[in-house]
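[1] structure for the following, please:
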Amino acid sequence: MKKIIYFTLLVCFVIGACTTKQKKEQHHNKTVAIEGAWKLISGITIENGDTIFTDYTKDQEAIKIIGTTHFSFFRHDLNAGKDSLAIFVSGGGTYSLDGDNYKEHLKYCNFRSWEGLTFDFTVSVRNDTLIQSGIEKIATLQIDRKIIETYIKSTK
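    Next up is the predicted model:
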């Protein structure tokens, strides 16, 4: 009888260890899935009941780079800043990912009043597409909007 109990405990221990390893690997795979360079192709901003769609492939270009612990983003116009569409936006910091909950801690930003803030998003990756959505809320700047950004894996 003792042998059966010891054998049962051993089997339970082995199954538990394998399950824990699988869960860690699944979490790691979700983290790895967002790492890389992503080209922003479109964005939807919903604010005060208004919805604005932006095509980031027209007259501008944007990229987000996600490493193992840090992210950065850059956006600029395609006319080298020489006309009325001139724009340059950049920022970066650290991030955390728990399942599909993605949290950015913005340490650097050309909009300096955004520095030091944390933003909570939901991310999903399907094939070469990353979708990031969440709320940007900054009471001091009277910003309260939902954003939905669509990225494709950059090949350059």
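[2] okay, and residue 146 sits in which element?
    If you go by DSSP states H and E, residue 146 is part of strand 143-153.
[3] got the CA coordinates for that strand in PDB?
    Taking only C-alpha atoms (Å, rounded to 0.1, in the frame of the first residue of the first chain), the coordinates of strand 143-153 have been written out as PDB:
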ATOM      1  CA  ILE A 143      -6.400  63.800 -22.100                       C
ATOM      2  CA  ASP A 144      -8.900  60.900 -21.800                       C
ATOM      3  CA  ARG A 145      -9.100  58.800 -25.000                       C
ATOM      4  CA  LYS A 146      -9.100  55.200 -26.200                       C
ATOM      5  CA  ILE A 147      -6.500  54.200 -28.800                       C
ATOM      6  CA  ILE A 148      -6.300  51.200 -31.000                       C
ATOM      7  CA  GLU A 149      -3.100  50.800 -32.900                       C
ATOM      8  CA  THR A 150      -2.300  48.200 -35.600                       C
ATOM      9  CA  TYR A 151       1.300  47.300 -36.400                       C
ATOM     10  CA  ILE A 152       2.900  44.900 -38.800                       C
ATOM     11  CA  LYS A 153       6.200  43.100 -38.200                       C
END
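[4] relative to the whole chain's centre, how far out is the strand or helix carrying residue 120?
    Under the criterion DSSP H and E, the helix or strand holding residue 120 is strand 118-126. Between the centre of strand 118-126 and the centre of its chain there are 5 Å (Cα atoms, centre = their mean, to the nearest Å).
[5] show me what the strand holding residue 146 is in contact with.
    Around strand 143-153, the neighbours that count as contacts under Cβ atoms under 8 Å, 6 or more residues apart in numbering are 36-47, 64, 128-138. Every C-beta, even on glycine, is put in place using the N, C-alpha and C of the backbone.
[6] that strand pairs with which strands, parallel or anti?
    Paired neighbours of strand 143-153 in the sheet (DSSP bridges): strand 36-47 (antiparallel), strand 129-138 (antiparallel).
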